[in-house]
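K.L.:
What follows is a protein structure lacking sequence information:
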């Protein structure tokens, strides 16, 4: 399964739209682009394999694999990138500002349900949104 994340970069955060098969699944929020600095920046554009995993802290979530010069980049719930993220990606149902959104848990559950219905490898392609 291929997922496509199309981003818009802003000073206070990065907003995106996440698609599967041309269908919008949800939106995303991330930290602003700050040269891929760990804990301060969104990750670089590119193609990444995703792994479904469970931890005591986060429950069921996604791991973004092989991010250059970064580790433990997750896709997990958050509604405010600057306050709640350290380089990870948060699905949201609605964008409310730069790096801000609403109903992240609902969006995360929707994304995970979609991914769990497939038995194939899941890849995430991240690109800048074209006008």
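P.N.:
That came through fine. Bear in mind that the values here come from a model prediction, so they are computed numbers and not experimental data. Numbers count the residues shown, from 1 in each chain.
K.L.:
OK, contacts around the residue nearest in space to the middle of the chain?
P.N.:
The centre of the chain sits closest to residue 89, judged by CA atoms, centre = their mean, with a distance of 3.0 Å. Neighbouring residues of residue 89 by CB atoms under 8 Å, 6 or more residues apart in numbering: 5, 16, 28-30, 42-43, 64, 73-75. For every residue, glycine as well, the C-beta is placed using N, CA and C.
K.L.:
From those residues, pick the one nearest residue 125.
P.N.:
Closest approach between the contacts of residue 89 and residue 125, by CB to CB: residue 5, at 7.0 Å.
K.L.:
now the helices: where do they sit in the chain?
P.N.:
81-84, 104-116 (DSSP state H).
K.L.:
The first one: which residues count as buried?
P.N.:
In this case it means helix 81-84. Across helix 81-84, burial judged by 16 or more other CB atoms under 10 Å covers residue 81.
K.L.:
what mean pLDDT does it have?
P.N.:
Averaged across helix 81-84, the pLDDT comes to 97.
K.L.:
do stretch 37-57 as well
P.N.:
pLDDT averaged over stretch 37-57 gives 95.
K.L.:
before we move on, what about stretch 14-22?
P.N.:
Averaging pLDDT along stretch 14-22 yields 96.
K.L.:
List the buried residues for that stretch?
P.N.:
14-20.
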